[in-house]
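Q: Predicted model and sequence below, questions to follow.
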Amino acid sequence: MKSRGCSPDIITYNALLNGFCKLGRIDEAFALLKSFRNDDYVIGLQGYSNLIDGLIRAKRISEAEELFWKVFKVGLTPDLVLYTIMIRGLSDAKRVKSALNLLRDMSGRGITPDTQCYNALIKGFCDVGLLDQARSLQLEITQHDQFANTCTYTILVCGLCRNGLLGEAQQIFNDMEKLGCFPSTVTFNALIDGLCKAGKLEEAHLMFYKMEVGKNPSLFLRLSQGADRILDSASLQKMVEKLCESGLILKAYKLLVQLSDSGVVPDIRTYNILIHGLCKAGQINGALKLFEELQLKGLLPDSVTYGTLIDGLQRVDREGEAFKLFEHMNTKGCKPTSSVYKSLMTWSCRRRKISVAFSLWLKYLRSLASQENEGINIVEKYFEKGDLENAVRGLLEMDLKLRDFDSAPYNIWLIGLCQASRVEEAHKIFSILQEFRVNVSAPSCVMLIHGLCHEGKLDEAFEIFLYTKEKGYQLLPRICNNMFQALLCSREKSALAFELLSRMKSMGYNLNAYLQLRTKSLLHHHWNIRETEDMSTG
């Protein structure tokens, strides 16, 4: 542009800054700014807004705040757009008090906050659980001749559901239409999710149906509560057929138009919420029916849909169908995520099929473009020979090269080996993970402690118990008491119990409340023995 003798104007410079900031290349944006200044470019309010927004997107909130106050120093006054950007950034960073102070500051400077600005702040208060303040801000919107919109109510519904205040969320939802706001798909999803989590599946289904009917409450009541109730697509089809047979074709057509023209239709997330609720309640057939229905409506199941159903089938011991669905998922072009593989691995381990669980993770690694098949094949050969140690070492060396290393598969195998009474191999995995400085989860440690105690390997169990304390894991009193009792029931290892007692005291445990009566009795008994032995030697 410059080489052709065409000088960039302020619009061009701002567009470039905005582009780099939106792409997350904020440092390059600042470098560009320096070069622009050599061309006598003076950054204005829009330029500052672009940079501040870019810093906030990059989670560099302190720098954004510093640049925001610099705007005043250079003689500019932030407008509504810039204030909203900054308020949203502070709210997302959970600095809601600072965001509220900024709202008051803009009002004091004669800049009226709009609904979008309030929404950013209301979301911030909801995210930190300050729901009363969020509701107060919603009421405050009208004082500035503004009106709460669908987004405002959706934020409140989501916040209330997330905090278990389902009744209040339903009340806001019911008030929306009276106030001229129609719920969006996100609003419905939040409330349906809340109802499912509260175990109110019938209400969730009814809400799902209302979502399909849309903005016509009288139609919803007529269809769901009348003599000829329509509760699913089959009964809707029957009603349409009945109307057509009676010569009321126009009426049938209007009914379908009203349903299809509602403006709010269930999306895949809506279906996923309901499918999850049904699977959790053990109603897998209902979940599978919804799975078929969503595809008939032109929606494509995603990895969450498949993963939920696979887990649901496993929960009701329909393992074969779960693996068939897993294969079906691949043929339909829906790539399983690591969470789907880990779900299958967990269930395989529970059924003592460790080799299946191991093969599943190798299959997942083969699906990643970043992994080399040669290395995976070597690991597989180690495992087939029964050389678990070298298999795990080789796998760790590959996995640790990944950008997002996941220790979950190793913890799944460790727990699975314990469940299969292969405690020695589980302990070997624990040692290898320690060697590679990979954290072993608390549930894995608990299973290993239990298995080692059961096999009388108390020294190893004691070491792992100490590991949990070093990691700051808060084990249940039952686990600690079992450990104490196992040590105290072995005369040779009773000294370790007193060492453990001393360590727990130094860590601030209230042992009087923590220890069971039997544990206290055993400790008292061994303490008396120790005193007697000391007196006899003295």
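A: Cool, the structure landed. Numbering: from 1, shown residues only.

Q: Excluding chain neighbours, what is closest to Ile52?
A: The shortest distance from Ile52 to any non-neighbouring residue, by CB to CB, 6 or more residues apart in numbering, is to Ala64 (4.9 Å). For the C-beta atoms, the positions are set from N, CA and C on the backbone; glycine is no exception.

Q: Can you tell me what sits against the host helix or strand of the one you found?
A: Here Ala64, judged by DSSP states H and E, is contained in helix 61-73. Helix 61-73 is contacted from outside by 45, 48, 51-52, 55-56, 77-78, 82, 86, 89-90, 93, 95, 98, using CB atoms under 8 Å, 6 or more residues apart in numbering.

Q: Now the buried members of those.
A: Buried residues within these, counting neighbours by 16 or more other CB atoms under 10 Å: 45, 48, 51-52, 55-56, 78, 82, 86, 89-90, 93, 95, 98.

Q: rewinding a little: only the buried residues of the helix holding Ala64, if you could.
A: Ile61, Glu63, Ala64, Glu65, Leu67, Phe68, Val71.

Q: Between those, which sits nearest Leu400?
A: Using CB to CB, Ile61 comes nearest to Leu400 of the buried residues of helix 61-73, at 31.7 Å.

Q: ok, now how distant is the closest one from Leu103?
A: In this structure, Ile61 and Leu103 are 17 Å apart, going by CB to CB, to the nearest Å.

Q: what's the answer for Tyr118, then?
A: 8 Å.

Q: same check, this time on Trp361
A: With CB to CB as the criterion, Trp361 and Leu103 are 50 Å apart.

Q: cool, and Met329?
A: Taking CB to CB, one finds Met329 at 47 Å from Leu103.

Q: With Phe405 instead?
A: Relative to Leu103, and taking CB to CB, Phe405 is found at 42 Å.

Q: quick one: which of these two has more around it?
A: More crowded of Phe405 and Leu103, by other CB atoms under 10 Å: Leu103, with 23 against 10.

Q: what's near enough to touch that one?
A: Leu103 neighbours (CB under 8 Å, 6+ apart): Tyr83, Ile87, Pro113, Cys117, Tyr118, Leu121.

Q: Compute the inter-axis angle for the helix or strand where it lies and helix 61-73.
A: Using DSSP H and E, Leu103 sits in helix 96-108. Relative orientation of helix 96-108 versus helix 61-73 (axes from the mean of the first three to the mean of the last three CA atoms, to 10 degrees): 20 degrees.

Q: List the buried residues in helix 96-108.
A: Under the neighbour-count criterion of 16+ other CB under 10 Å, helix 96-108 has Val96, Ser98, Ala99, Leu100, Leu102, Leu103, Met106 buried.

Q: ok, now stretch 172-179?
A: Ile172, Phe173, Met176.

Q: Cross these against helices and list the overlap.
A: Members of the buried residues of stretch 172-179 lying in helices (criterion: DSSP state H): Ile172, Phe173, Met176.

Q: Tell me the one of those nearest Ile11?
A: Met176 (40.5 Å).

Q: wouldn't that closest one be in contact with Phe182 here?
A: Yes - under the contact definition of CB atoms under 8 Å, Met176 touches Phe182, with a separation of 6.9 Å.

Q: Distance of Leu500 relative to Tyr83?
A: 58 Å.

Q: Same check on Ala169?
A: 29 Å.

Q: shaky segments in this structure?
A: 1-10, 12-14, 33, 35-42, 177, 180, 212-265, 369-371, 529-538 (pLDDT under 70).

Q: which residues does Leu76 contact?
A: Contacts of Leu76 by CB under 8 Å, 6+ apart are Gly44, Leu45, Tyr48.

Q: Look at Ala426 and say how many residues are nearby.
A: Ala426, neighbours per other CB under 10 Å, totals 23.

Q: check contacts around it.
A: Leu414, Ile415, Leu417, Cys418, Met447, Leu448, Gly451.

Q: so the first one makes contact with Ala442?
A: No - using CB under 8 Å, Leu414 is not in contact with Ala442; the gap is 11.9 Å.

Q: Look at these two and report which has more neighbours.
A: Leu414 (28 against 17).

Q: host element of that one?
A: Element membership of Leu414, judged by DSSP H and E, is helix 408-419.

Q: Ala461 now?
A: helix 458-470.

Q: For that helix, give me every contacting residue.
A: Taking CB under 8 Å, 6+ apart as the rule, helix 458-470 contacts 427, 430, 434, 440, 442, 445, 448-449, 452-453, 475, 480, 483, 486-487, 490, 493, 496, 500, 503-504, 507.

Q: Please name the residues that touch the residue nearest to Arg269 when sequence neighbours are not counted.
A: Excluding the flanking residues, the one nearest Arg269 by CB to CB, 6+ apart is Asn189, at 5.2 Å. Contacts of Asn189 were listed using CB under 8 Å, 6+ apart, and they are Asp267, Arg269, Thr270, Ile273.

Q: for Glu455, same thing?
A: Val423.

Q: any idea how far it lies from Ile449?
A: 11 Å.

Q: Disregarding residues adjacent in the polypeptide, which is nearest to Cys151?
A: That would be Asn119: by CB to CB, 6+ apart, it lies 5.3 Å from Cys151.

Q: Go ahead and report the secondary structure state at that neighbour.
A: helix (DSSP: H, G, I helix; E, B strand; the rest coil).

Q: one step back: out of the buried residues of stretch 172-179, which is nearest to Gly282?
A: Nearest to Gly282 among the buried residues of stretch 172-179, counting by CB to CB, is Phe173 at 27.8 Å.

Q: list the contacts for Ile412?
A: Taking CB under 8 Å, 6+ apart, one finds Lys342, Met345, Thr346, Cys349, Ala357 in contact with Ile412.

Q: Apart from its neighbours in sequence, what residue is nearest it?
A: Leaving aside its sequence neighbours, Ile412 sits nearest to Met345 (CB to CB, 6+ apart; 5.0 Å).

Q: quick one: the one you found and Lys363 touch, right?
A: No - Met345 is beyond contact range of Lys363, at 10.3 Å (criterion: CB under 8 Å).

Q: Quick check on these two: which one has the bigger neighbour count.
A: Legend: neighbour count by other CB under 10 Å for Met345 and Lys363, higher for Met345 (25 against 14).

Q: what secondary structure does that one sit in?
A: helix.

Q: OK, contacts around it?
A: Ala357, Leu360, Trp361, Pro409, Ile412, Trp413, Gly416.

Q: which of these lies closest to Asn390?
A: The nearest one, if we look at the contacts of Met345 relative to Asn390 and count by CB to CB, is Trp413, at 14.5 Å.
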